[in-house]
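1. All I have is the shape, not the residue letters:
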């Protein structure tokens, strides 16, 4: 006779996945790192109350001194202040842009996969169009077009990044729409909207969640690239901006470009670890290894 | 013949896509604040009002948007990509001058990533839980998470300041141009090392992961067990039977990522001052050199489409299931 | 026989001369050597190579090698013969007669005649962005193939500087006079034919320019160099590393103290001579159409708040010199008695109080924005950022508005959409060419590098116009002295520093271009003492 407790936990695959995720060392590492970065970005500027744009010391002062823990850049701006303030930009733009691309991608993919036929054809053509568009180039054009602000950068990144998610969603919907539980819902009179969003989508979630996590990492890297090229919002401190503006001084000072880069790396790394954890938890095939 | 019709349809369709890309970008670019006349004023060291009016007229900036678009499309169909606002030279010439350098960079990077990635992945698949395989997993995440332009800068710091083994900028030392083609090729190869390393780090990591997973998948399959049962050597099992199938996902992913490669190329070319299409694109955007920007977008779109088609062909060539017609 | 005897005598003399020359050559290293390649980086890519229709140092450097000009200059502001071996400025100042050398030919072999000179000058007048440079020129007469007479509607002492290599390239009429629009002429980028010491081998736009010795250059024995290569490289780090590794052997317009120091340590030599002609100034321009910039006390307060010594010592590594007037200190017209606006925060605050801008409860008097010209962080962006912190001390909230790129900034300034902006503007030798344009009321236009400040002082206009026509250098200097005093008082712009351009070079170079125009002069007497 099976243990009643065991039977209960086996009944919920979502719960099981969550348990697995939470216990995997990869996820723990990722979550804790991200958590720390989040804390730093939220409370850091209050605790370390130095204006990242102001001259705080002599230009290019070396790091690891009590006054200037991470040194200064070529104008004398405090690098630690830049790190602490730059986190907000990175995380905000990363999350918002990912959300935007997911929103567009899931919507279009769901509609295409569910309705099929002409709708699918048209939406797939649109998807292919955006896929052929060179993403970084197009984003650069968009950003210069509309003056770089946090909003325009977020929109630009979101607009060029949704095609992968769309295809994935479409694939899932194609698989799932013929399943029994969908036919059952239709039989009891549920309308299309309800079927798409309340019935199929929750079942399509596992690969989408993993994809969402990746999207955040990609958006963070994208924002960093745009800021590095000088196309970011120049009035907001951002790690990519720090690297780009100190680019010409690397022979004399390695620290203004190294520390922001390490931060970007750690952030994306934590997101990637979380994605990996999610992938292992949600992807049954991997679990068998 | 069976292959040609679908191919022709796809090409025609691809052409429509490209035109759509051009139209969209043309419209957007014309709306950009700050026009090319300002850039030219800056480059000229000043301007007179007469000249300003002349330039506006010459570039058609005073025509209505639909008129400008039609004019551009008509010329494009006859192969005329227009003249760069900044250099007053044909855009097609400027692009053709730069394309080989970007292709060189990208192709070498792809080749290195595929070869190194597959090799490492296959090696790791022999002992999936060993230290080599584990460190490869770690490295793959590291390679993916570091921003490509930052990696490039770090490499420059190392090789400029501490280990002067490689040049950190440009494609060649032009003062040496007259020393014969072999010396020149060596010079270019020397300059290629760091940019290729930067660009491929991301992909070597990914492909090795993928190759290892794929190998492990394939090695567990029935036909492999059969081959082993038949008494074939390990080497034969690995290379003749398993590898061919394991490569498929790697190739597919590589092809799909061509767009990302182009983006990476833009950043790498900017960091290393590599005289390619990516750097020209970035500079043209800053200069509001509309015709050049449009020309490059057009070329990139074509390259992505070509890469997709190529991936498809390679895939069909390698995948025995598709080849034998069974689906 | 008598003839032979004479020949013998001549032969002996020739032998003696040759021996002396040999001894001289081997004794010290002062005999010029032929050969060698100059490889230098260019920070900006030139649009094309015809400096008759375009200004900008990116074009003028290479153009001065490809094209010769009537005159060239030494380091003491004295004109020297070049294509014109003799010249006369008429006593009434309304005509300049140029007597050309007779042996000058273009790179395609055709002779350089007065027709070409006339064509070039009228072309420059019609197309060059520096409209004031040749404005009074009415026509150029060519009474014979080697004489050109420039006729002007009024005395124009600037005409001599206007004959410099950077500003007056003599272009071949038989090529550019074909009816095509010269601004977009195909010979601006390919087959660029001039009569300068070097001819064009290759121009890859945005990448590099390769030039080689022109064997039929009209000065015998010159140039010494085999080749000149100019590579576009906007990246200071790459230039320094390249220089250390021998990829470059000369670097002009270097302005970063750290990089210059680094190369000095590697055995290179640095000099700031050669930029007097350009006269580059960094300043903060005010938009006089807007409050509170329209108030002279506010502008003076801001000028008093600037610690120019800190800027030059800390931000520029001690290389730049403070500037507080419209004319650079290296110009013969500079007047040193103007107010240097020594930093005085108390005085600044007093001025602001007097102007009626009292401090609010939070210590703020008013808020304004400052833009900065993109391109040189050290010269412009850093100054703007520094001012932000500095002006806060006197109660002004300064927001730094960054433009992502040059066209955006240019559009803002040209449409007068700014409160303050940093800018880098050149004097260009004679004040008529590069100084007047900023202060004349008639030059208030929607184009950058004009009087975008909307400064209007009829007395200043009168002084400048008088100075433009005044041939007597003493009287001219007097006009400019009064002019400098007035604008130094009224501050349509607040000057910050002279841009510290340096030429950094490998110590094996001899005869560096150190005239007032520096590397924007022909490099025909530059030679390489190395192997």
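-> All right, it came through fine. What you see is a predicted model, and the numbers here were worked out from it, not measured in a lab.
2. Residue C:380 contacts residue C:282, doesn't it?
-> Yes: counting by CB atoms under 8 Å, residue C:380 touches residue C:282, with 6.8 Å between them. (C-beta placed from N, C-alpha, C; glycine too.)
3. can you list residues touching both of these two?
-> Common contact partners of residue C:380 and residue C:282 (CB atoms under 8 Å, 6 or more residues apart in numbering or on different chains): C:422-424.
4. These in strands, which ones?
-> Using DSSP state E, the members of the shared contacts of residue C:380 and residue C:282 that fall in strands are C:422-424.
5. Would you map the strands across the stretch 151-289 of chain A?
-> Under the criterion DSSP state E, counting those that start in this stretch, the stretch 151-289 of chain A contains no strands.
6. Can you name the residues of it that neighbour chain B?
-> With CB under 8 Å from any CB of the partner chain as the criterion, the stretch 151-289 of chain A meets chain B at residues A:217, A:221, A:224-225, A:228-229, A:240, A:243, A:247, A:250-251, A:254, A:257-258, A:261, A:264-266, A:268-269, A:272-273, A:276, A:289.
7. Can you say which of those are buried?
-> Buried residues within these, counting neighbours by 16 or more other CB atoms under 10 Å in any protein chain shown: A:217, A:221, A:224-225, A:228-229, A:240, A:243, A:247, A:250-251, A:254, A:257-258, A:261, A:264-266, A:268-269, A:272-273, A:276.
8. Find the nearest non-adjacent residue to residue C:503, please.
-> Take residue C:503 and drop its neighbours on the chain: the residue closest to it by CB to CB, 6 or more residues apart in numbering or on different chains is residue C:252, 5.1 Å away.
9. Could I get the buried residue list for the host helix or strand of residue A:28?
-> Here residue A:28, judged by DSSP states H and E, is contained in helix A:25-47. Taking 16+ other CB under 10 Å as the neighbour-count basis, helix A:25-47 is seen to contain the buried residues A:26-27, A:29-31, A:33-34, A:37, A:40-41, A:44-45.
10. and residue A:180, how many neighbours?
-> Here the neighbour count serves as a burial measure; for residue A:180 (other CB atoms under 10 Å in any protein chain shown) it reads 7.
11. what separates it from chain B, distance-wise?
-> 26 Å (CB to the nearest CB, to the nearest Å).
12. Might you list the low-confidence residue ranges for chain C?
-> C:1-30, C:531 (pLDDT under 70).
13. Please work out the residue of it nearest to chain A and name it.
-> residue C:402 (3.1 Å; CB to the nearest CB).
14. coming back round to it: against which helices or strands is the helix holding residue A:28 packed?
-> With contacts defined as 3 or more CB pairs under 8 Å, 6 or more residues apart in numbering or on different chains; DSSP states H and E, the packing partners of helix A:25-47 are helix A:79-115, helix A:255-282.
15. Beyond the first one, next helix or strand please.
-> Once the chain leaves helix A:79-115, the next helix or strand it forms, by DSSP H and E, is helix A:117-132.
16. between that next one and helix A:79-115, how big is the angle?
-> Angle between the axes of helix A:117-132 and helix A:79-115 is 150 degrees (criterion: axes from the mean of the first three to the mean of the last three CA atoms, to 10 degrees).
17. which outside residues touch helix A:117-132?
-> With CB under 8 Å, 6+ apart as the criterion, helix A:117-132 contacts A:108-109, A:111-113, A:159-160, A:162-163, A:166-167, A:170, B:14, B:17-18, B:20-21, B:259, B:301, B:304-305.
18. tell me which parts of the stretch 201-327 of chain B are close to chain A?
-> When proximity is defined by CB under 8 Å from any CB, the stretch 201-327 of chain B lies next to chain A at B:216, B:259-260, B:262-263, B:266-267, B:270, B:281-282, B:285-286, B:293, B:296-297, B:300-301, B:304-305.
19. Skip the chain neighbours and tell me the closest residue to residue C:40.
-> Nearest one to residue C:40, counting by CB to CB, 6+ apart, is residue C:250 at 4.5 Å.
20. from what I can see the one you found touches residue C:509, true?
-> Yes: under the contact definition of CB under 8 Å, residue C:250 touches residue C:509, with a separation of 6.7 Å.
21. Any regions of the stretch 51-200 of chain B where pLDDT drops low?
-> In the predicted model of the stretch 51-200 of chain B, residues B:60, B:175-178 satisfy pLDDT under 70.
22. and the residue of it found nearest chain C, how many neighbours does it have?
-> Using CB to the nearest CB, the closest approach of the stretch 51-200 of chain B to chain C is made by residue B:169 at 3.3 Å. The burial metric for residue B:169, expressed as a neighbour count using other CB under 10 Å, is 23.
23. Checking it next. Helix, strand or coil?
-> For residue B:169, the assignment made with DSSP: H, G, I helix; E, B strand; the rest coil gives coil.
24. what about it, distance to residue A:52?
-> Taking CB to CB, to the nearest Å as the measure, residue B:169 falls 30 Å from residue A:52.
25. Residue B:180 too?
-> Applying CB to CB to residue B:180 and residue A:52 gives a distance of 53 Å.
26. The two: which has the busier surroundings?
-> For residue B:180 versus residue A:52, the count of surrounding residues by other CB under 10 Å is larger for residue A:52: 21 against 10.
27. Assign a three-state SS to that one, would you?
-> Secondary structure, three-state DSSP: residue A:52 is coil.
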